[in-house]
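Enquirer: Here's a sequence, model it:
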Amino acid sequence: MGTRDIDFFETLLYCDIVRGDHSTGVYSGFSFDPKEPVEVKIRKAAVPADVFIRKKGLWDEVKEEKRPATHNANATVTKLPKFLVGHNRYATMGEVVDRNAHPFQHGSITLVHNGTLDNQSLLPDHQKFAVDSENIAYSIDKIGIEETIKKLNGKFTLVWFDAKDQTLNFIRNKDRPFHFMETASGDWFGASEEDMLMWLSKRVKGPTAKRHFEAEVGTQYVFEVANGVFRFKEERKHELPVFRYVYATPGYLGSRGNSQWDQYDDDDGWDRYLD
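Expert: Down below sits the predicted model:
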């Protein structure tokens, strides 16, 4: 990334405060040696985006990396990231505290999630996690994205880096949008709101858009970081699950006196279960 790209990302992160001011987080990928794997760096806090950007030890730590120069112990080398992923949280599950801010990291997976699951209990070891988004990161690391997708009952856009294959991945369902912008120079930007993405690219004289489009539902967009280069690799189609809820209120259950919930990978209609 160039300094212009990073400045534009900062503007996007700042303006995205309108989508959530409970917490802010960023993860970035650095490569000092093209032959070595990308190293992920995370900073997050239960603060709004404007505070995150200004407060020392947060944004300033992920937008660049400094290391001692190999030729001179008294000198430093500054590297800019290969990619940046930011998230502004509006808390729907879990306390508003630093540990519940995005991104979450488990094993090789570093992830941010826009949305809320309706039933987190389908995910492995769900009882361990107060925040559904962290449970998703854990699940992808344990059982992979193919199996995790089948268990995502709710709303989501997911953006995760997989350190094993050095890829940055995006996928959404119908309940949460995501928009891409490819620049004339071959760089990529993305945001939940297309209007914000395009307006800011023009307002702050940001990168020139070559094309922009909404991500297709159920399509995993895969970008690889290889030999020091970040580039689009492929699209992978997924069949997303659809859940049917069968429910009843206490009034319908009579002597049973409690509600009952069952789920089926069938349709998304609602039916009453009469006893």
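Enquirer: Do a quick rundown of the strands in the stretch 101-250 of the chain.
Expert: Here the stretch 101-250 of the chain has its strands, by DSSP state E, counting those that start in this stretch, at 104-106, 109-114, 157-162, 167-172, 179-183, 188-191, 209-214, 219-226, 229-237, 244-247.
Enquirer: quick one: strands adjacent to the third one?
Expert: Using DSSP bridges, the strands paired with strand 157-162 in its sheet are strand 109-114 (antiparallel), strand 167-172 (antiparallel).
Enquirer: Any chance of the strands of the stretch 101-250 of the chain in JSON lines with distance to L123 as columns?
Expert: Heads up, the C-betas are built off the backbone N, CA and C, glycines and all. Formatted as JSON lines, the strands of the stretch 101-250 of the chain follow (distance: least, Cβ to Cβ, whole Å):
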{"stretch": "strand 104-106", "distance to L123": "12"}
{"stretch": "strand 109-114", "distance to L123": "12"}
{"stretch": "strand 157-162", "distance to L123": "13"}
{"stretch": "strand 167-172", "distance to L123": "16"}
{"stretch": "strand 179-183", "distance to L123": "27"}
{"stretch": "strand 188-191", "distance to L123": "25"}
{"stretch": "strand 209-214", "distance to L123": "27"}
{"stretch": "strand 219-226", "distance to L123": "18"}
{"stretch": "strand 229-237", "distance to L123": "21"}
{"stretch": "strand 244-247", "distance to L123": "18"}
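Enquirer: Return the most buried member of these.
Expert: strand 109-114 (a mean of 25; mean count of other Cβ atoms under 10 Å).
Enquirer: Point out where the stretch 151-275 of the chain drops to low pLDDT.
Expert: In the predicted model of the stretch 151-275 of the chain, residues 245-275 satisfy pLDDT under 70.
Enquirer: what's the answer for the stretch 1-150 of the chain, then?
Expert: If you take pLDDT under 70 as the line, the stretch 1-150 of the chain has these spans: 73.
Enquirer: can you pull the contacts of H126?
Expert: Taking Cβ atoms under 8 Å, 6 or more residues apart in numbering, we find H126 in contact with Q120, N135.
Enquirer: Tell me the spacing between it and Q120.
Expert: Using Cβ to Cβ, to the nearest Å, H126 is found at 5 Å from Q120.
Enquirer: Find residues that contact each of these two.
Expert: What both H126 and Q120 touch, as defined by Cβ under 8 Å, 6+ apart, is the set N135.
Enquirer: would you list every one of the helices in this protein?
Expert: 3-15, 49-54, 59-62, 132-149, 194-203, 250-253 (DSSP state H).
Enquirer: Give me the neighbour count for V18.
Expert: 11 (other Cβ atoms under 10 Å).
Enquirer: One more: D195?
Expert: D195, neighbours per other Cβ under 10 Å, totals 9.
Enquirer: residue closest to the middle of this protein?
Expert: Compute the mean C-alpha point of the chain, and by Cα atoms, centre = their mean the closest residue is V112, 2.6 Å away.
Enquirer: Perfect, that will be all.
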